[in-house]
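>>> Whatever this is, show me its structure:
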Amino acid sequence: MGDNTTSVTEFILLGFPLDTRIQMLLFGLFSLFYVVTLLGNGVILGLISLDSRLHTPMYFFLSHLAIVDMAYACNTVPQMLVNLLSPAKPISFAGCITQTFLFLTFAATECLLLVVMSYDRYVAICHPLRYSVIMSWRVCIMLSASAWTCASLLALVHVGLALRLPFCGPHEINHFFCEILSVLKLACADTRLNQAVIFAASVLVLVGPLGLVLLSYARILAAILRTRSGEGRRKAFSTCSSHLCVVGLFFGSAIVMYLAPKSSHPEEQQKILFLFYSFFNPMLNSLIYSLRNAEVKGALRRALFKESHF
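From the prediction side, this is the model:
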């Protein structure tokens, strides 16, 4: 490994090595899911921006979550669809590293946003009289900006460490996108430092935030149970259950992928887990928040009713 230069200029994403007919079926199915993901999150973004009743901290953070979910899908799905049609189509080294950086940025941002959203619900339910003071717009903007900045810096550390490694072949990535662990397998050098940093970052970004989310909801649950108003309980449970569904889906799949022993998850199984994590989660998030959130459904009805009167 005398020379630390990169001799590989492009990678081949192996994707899902299946029969041609099955690949065409998956192409149609995934294309539909992709459209649903963009449409669902786009509708949420549109409703939040157009309906003044949704101009609250909770929906401000939800709009950022919708942006992250759309960015997730746009970062990985188009390349996956291209590979289903033309399995031998390569991705450039620069494109692969960019995709890795963006995926890590969006993943960490979503983790931090979910923590911020749980804190927002904690303040709203446990300290309702001080809510507007604690969750001022200045604080909301600072929290969202911090989530994006910290996530970008963390992704930059991973990518920076990966770029220090020599890549001299092979150039086939056994995945449907440039996932960091799959890329590191192709390095012609010792990657133990990279893997140790990834594990430490996973503990920091997954276990820490999940603990904070669970602590917030334990306090929220205690506050809800003390509430005498049946309508107040119902509304609080409805709002928080949507968020908990998203938290469970995201953190559950992420912890299995990055913290579970790799020997228990063969490569093909890992690809399915990543498919759920980076593809189905963004689609399900929009459905969960639209179908289980009364205020979002109300905003959609008002928007449709207004359109029908033009």
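>>> Which strands or helices does the longest helix that the chain contains pack on?
Longest helix in the chain, counting residues (DSSP state H): helix 93-126. Helices and strands touching helix 93-126, by 3 or more CB pairs under 8 Å, 6 or more residues apart in numbering; DSSP states H and E, are strand 10-13, helix 57-85, helix 131-134, helix 137-163, helix 180-184, helix 208-226, helix 230-258. Bear in mind the C-beta positions are built from the backbone N, C-alpha and C, glycine included.
>>> Would you single out the least confident of those?
Here the helices and strands packed on helix 93-126 differ in mean pLDDT, and the lowest is helix 230-258 at a mean of 73.
>>> just checking, next helix/strand downstream of it?
Downstream of helix 230-258, the next assigned helix or strand under DSSP states H and E is helix 267-275.
>>> Which positions within that following helix qualify as buried?
Within helix 267-275, the residues that count as buried by 16 or more other CB atoms under 10 Å are 270-271, 273-275.
>>> Using CSV, lay out those residues together with pLDDT and distance to residue 106.
Shown next, in CSV, are the buried residues of helix 267-275 (pLDDT from 0 to 100; distance: CB to CB, whole Å):
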residue, pLDDT, distance to residue 106
270, 73, 19
271, 77, 18
273, 75, 17
274, 77, 13
275, 79, 15
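>>> related to what we said a few turns ago, CSV please, covering the helices and strands packed on helix 93-126 and showing distance to residue 298 and mean neighbour count.
Output for these, formatted as CSV (distance: least, CB to CB, whole Å; neighbours: other CB atoms under 10 Å):
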stretch, distance to residue 298, mean neighbour count
strand 10-13, 43, 19
helix 57-85, 12, 21
helix 131-134, 20, 13
helix 137-163, 22, 16
helix 180-184, 41, 20
helix 208-226, 22, 16
helix 230-258, 12, 17
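>>> a markdown table for these, including distance to residue 301?
What follows is the helices and strands packed on helix 93-126, written out as a markdown table (distance: least, CB to CB, whole Å):
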| stretch | distance to residue 301 |
| --- | --- |
| strand 10-13 | 43 |
| helix 57-85 | 16 |
| helix 131-134 | 26 |
| helix 137-163 | 26 |
| helix 180-184 | 43 |
| helix 208-226 | 27 |
| helix 230-258 | 16 |
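>>> The ones you listed: which one's closest to residue 171?
strand 10-13 (5.2 Å; CB to CB).
>>> Helix 57-85 and whichever helix or strand comes after that closest one, what's the angle between them?
Sequence order places helix 20-50 as the next helix or strand after strand 10-13, per DSSP H and E. Here helix 20-50 runs at an angle of 160 degrees relative to helix 57-85 (axes from the mean of the first three to the mean of the last three CA atoms, to 10 degrees).
>>> which other helices and strands contact helix 20-50?
Judged by 3+ CB pairs under 8 Å, 6+ apart, the packing partners of helix 20-50 are helix 57-85, helix 281-291, helix 294-308.
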